[in-house]
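A.B. asks: Show me how the following folds:
(one chain, ligands or ions: 1)
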Amino acid sequence: MPLLRRLLIIVMLLALAVIGGAGYLYLTGENAGTGGGTAEFGGAFELVNTEGETVTEADFQGGYQLIYFGYTYCPDVCPTALSTMSRALDRFAERDAAAARKVTPVFITVDPGRDTVEVMRSYVQHFHPRLIGLTGTAEQVRQAAKAYRVYYAKVEDAGSSEYLMDHSSYVYLMGPQGRLLTHFTHRDSPEAIAEGLAAYVPS
Ligand code: NI
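C.D. replies: This is a model prediction of the structure:
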């Protein structure tokens with residue numbers, strides 16, 4: 001009896017240690033995503049735009065970007081995030097057209113298997129005339145998502161031949177030196193995001 005109880009306590013303590021460790025990693029990961037301008041965030045990537053041209057982080061240097069990772073087959077969250085992001089940029093342009101022109105909205109797919117250059121090209125047109133759509137090989141997308149600490153995973157749907165993608169949903173505001181300035185979520189209003197843009201992007 002004491003042995004069994006002791007084993008049970010050891011197992012429980014180990015479980016607590018694992019949960020605590022995972023929680024710590026989760027929190028520090030989150031902090032890294034929310035902090036002002038961590039150098040490690042973002043960084044090198046190579047993707048393909050809707051013209052079929054190779055694009056790297058260097059192509060965006062000098063301007064601001066609103067970056068969102070998602071996929072075109074997404075039933076709700078991605079379309080919401082992209083339309084919110086687009087409306088926020090329009091609101092910001094009404095306040096300060098010169099500053100808004102410095103901000104490039106970018107949509108990067110986490111589903112390169114279905115989101116071909118052609119699919120991305122027709123999809124981005126629904127949201128904003130300046131929205132840049134980026135896809136690539138599975139490896140290119142994996143690298144880009146890793147650089148921006150984006151989680152994504154394929155979820156098979158038993159009731160359908162199509163699959164869903166589970167993915168994190170943040171709109172990142174990147175600065176001219178490729179540094180993270182702040183982030184928004186698809187739950188923020190266009191007005192709130194426009195307000196946030198005004199705080200970071202000068203005329
Ligand atoms: Ni989505």
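
A.B. asks: Pairing partners for D166 in the sheet, please.
C.D. replies: Beta-bridge pairing for D166 (DSSP bridges): A153.

A.B. asks: The residue nearest to T80 when sequence neighbours are not counted - how many residues pack around it?
C.D. replies: Closest residue to T80 apart from its sequence neighbours, by C-beta to C-beta, 6 or more residues apart in numbering: H186 at 4.9 Å. Glycine gets a C-beta too; all of them are placed from N, C-alpha and C. By other C-beta atoms under 10 Å, the residues close to H186 number 19.

A.B. asks: so what's H186 up against?
C.D. replies: Residues near H186 by C-beta atoms under 8 Å, 6 or more residues apart in numbering: V77, T80, A81, T84, S169, V171.

A.B. asks: and those residues, which are buried?
C.D. replies: A81, T84, S169, V171 (16 or more other C-beta atoms under 10 Å).

A.B. asks: OK, contacts around the first one?
C.D. replies: With contacts taken as C-beta under 8 Å, 6+ apart, A81 has the following neighbours: Y68, G70, S169, V171, T185, H186.

A.B. asks: do that again at 10 Å, thanks
C.D. replies: Applying C-beta atoms under 10 Å, 6 or more residues apart in numbering, we find A81 in contact with 68-70, 74, 107, 127, 169-171, 184-188.

A.B. asks: Among the residues you listed, which lie within helices?
C.D. replies: Members of the contacts of A81 lying in helices (criterion: DSSP state H): none.

A.B. asks: Which positions in this protein make contact with the ion?
C.D. replies: The interface of the chain toward the ion, taken as C-beta under 5 Å from the ion, is made up of G70, C74, V77, C78.

A.B. asks: wait, the second one sits on S169?
C.D. replies: Yes - contact between C74 and S169 holds when scored by C-beta atoms under 10 Å: they sit 9.3 Å apart.

A.B. asks: Which residues are in contact with each of those two?
C.D. replies: Shared contacts of C74 and S169, defined by C-beta under 10 Å, 6+ apart, comprise T80, A81.

A.B. asks: ok so, going back, of all the buried ones among the contacts of H186, which comes closest to G133?
C.D. replies: Using C-beta to C-beta, A81 comes nearest to G133 of the buried ones among the contacts of H186, at 13.8 Å.

A.B. asks: L47 and C74, how far apart?
C.D. replies: According to C-beta to C-beta, to the nearest Å, L47 and C74 sit 18 Å apart.

A.B. asks: quick one, which of these two is more surrounded?
C.D. replies: For L47 versus C74, the count of surrounding residues by other C-beta under 10 Å is larger for L47: 24 against 19.

A.B. asks: can you give me the helices in this structure?
C.D. replies: For the chain, applying DSSP H gives helices covering 2-34, 77-95, 97-100, 117-124, 138-147, 190-200.

A.B. asks: rank those by pLDDT, which is bottom?
C.D. replies: Among the helices of the chain, helix 2-34 has the lowest mean pLDDT, at a mean of 52.

A.B. asks: contacting residues around the nearest residue in space to E46 that is not next to it in sequence?
C.D. replies: Distances taken as C-beta to C-beta, 6+ apart place T56 nearest to E46, at 5.1 Å, with adjacent residues excluded. T56 makes contact with A44, F45, E46, L47, A144, according to C-beta under 10 Å, 6+ apart.
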